[in-house]
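**Q** what shape does this take:
(one chain, ligands or ions: 1)
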Amino acid sequence: MPGIDNTAMFKLSYGLFVLTTKDSDKTNGCIINTCMQVTDNPKQICVCVNKANYTAELISKSKEFCVSILATSVPFAVFERFGFQSGRNIDKFDGFSDYALTESGLPYLTKNCNAYLVATVKQEIDCGSHFMFIAELAEAVKLNDETSVTYEYYFANIKPKPQPEKKKGYVCKICGYVHEGEELPPDFVCPWCKHPASDFEPLK
Ligand code: FE
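**A** From the prediction side, this is the model:
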């Protein structure tokens, strides 16, 4: 049995999108990676949203959402803002100015985004951990010709890599020998070139 290699799934052309919606007093948004066209006539798209996400709850009520299609220029800060915090208690647009409103009043991103789609929910399918919303397009606006960002591109180029833990130590300026540790004893002698501690400098 070949089993399931999650990285094989990344070869699907997952995109990255900011999904926005609102109720009478609150605007909300989150990052999703699945959005696709379902039918051409009528034009329908679908999105999948984790039920734990407040945005899913709001779309269930409002029956309308906007998808901002992110481009490869998108900085990690957009993921931190829309992806890594709950919208239940905060306003994700607080202090964020790179957005405008669609005809129906939903925010879409004006920067690092190449198009946006507004759709009205026709079907809500309970998929266990997620709701799948099948929705009819109301607006579809192309903003520019930037390339859409894929999930794979995000992992390779946008998400910061974990920094290897910095080693503390001293390096011999003469031969490059590294003494690991917080301190270099004053009477230390380089085991390779026999130079004294004064020829060592802290590791950068
Ligand atoms: Fe040395």
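**Q** which residues touch residue 109?
**A** Applying Cβ atoms under 8 Å, 6 or more residues apart in numbering, we find residue 109 in contact with 18, 68, 70, 78, 98, 99, 116. No exception for glycine: its C-beta is placed from N, CA and C like everyone else's.
**Q** beta partners of it?
**A** The bridge-partner assignment for residue 109, based on DSSP bridges, gives residue 99.
**Q** looking at the contacts of residue 109, which is nearest the ion?
**A** Ranked by distance to the ion (Cβ to the ion), the contacts of residue 109 are led by residue 78 at 47.6 Å.
**Q** sec struct for the closest one, please.
**A** State at residue 78, reduced to three classes by DSSP: H, G, I helix; E, B strand; the rest coil: helix.
**Q** what's the burial count for it?
**A** The number of residues packed near residue 78 is 22, by other Cβ atoms under 10 Å.
**Q** what does the model give the residue lying closest to it once chain neighbours are set aside for pLDDT?
**A** Ranked by Cβ to Cβ, 6 or more residues apart in numbering and with sequence neighbours excluded, the top spatial neighbour of residue 78 is residue 112, at 6.3 Å. pLDDT recorded at residue 112 is 97.
**Q** quick check: residue 112 touching residue 77?
**A** No: taking contact to mean Cβ atoms under 8 Å, the distance of 9.7 Å between residue 112 and residue 77 leaves them out of contact.
**Q** who touches stretch 135-151?
**A** Outside of stretch 135-151, the residues that reach it under the criterion Cβ under 8 Å, 6+ apart are 10, 13-16, 33, 42-47, 64-65, 69-74, 102-104, 110, 112-122, 158.
**Q** how about the residue positioned nearest the centre of the chain, what does it touch?
**A** Closest to where the C-alpha atoms of the chain average out (Cα atoms, centre = their mean) is residue 79, at 3.6 Å. Contact analysis of residue 79 by Cβ under 8 Å, 6+ apart lists 16, 31, 154, 158, 159.
**Q** 6 Å instead?
**A** Contacts here follow Cβ atoms under 6 Å, 6 or more residues apart in numbering; on that basis residue 79 touches nothing.
**Q** neighbours of residue 54, how many?
**A** 19.
**Q** distance of it from residue 14?
**A** Distance of residue 54 to residue 14, given as Cβ to Cβ, to the nearest Å: 22 Å.
**Q** and if you look at residue 196?
**A** Between residue 196 and residue 14 the computed distance is 58 Å (Cβ to Cβ).
**Q** so for the two, which residue has more residues nearby?
**A** For residue 196 versus residue 14, the count of surrounding residues by other Cβ under 10 Å is larger for residue 14: 19 against 13.
**Q** ok, how many other residues are close to the nearest residue to the more buried one once chain neighbours are set aside?
**A** In space, and not counting its chain neighbours, residue 14 is closest to residue 151: 3.7 Å by Cβ to Cβ, 6+ apart. The burial metric for residue 151, expressed as a neighbour count using other Cβ under 10 Å, is 17.
**Q** phi first, then psi, for residue 151.
**A** In terms of degrees, to the nearest 10, the main-chain angles of residue 151 are phi -60, psi -40.
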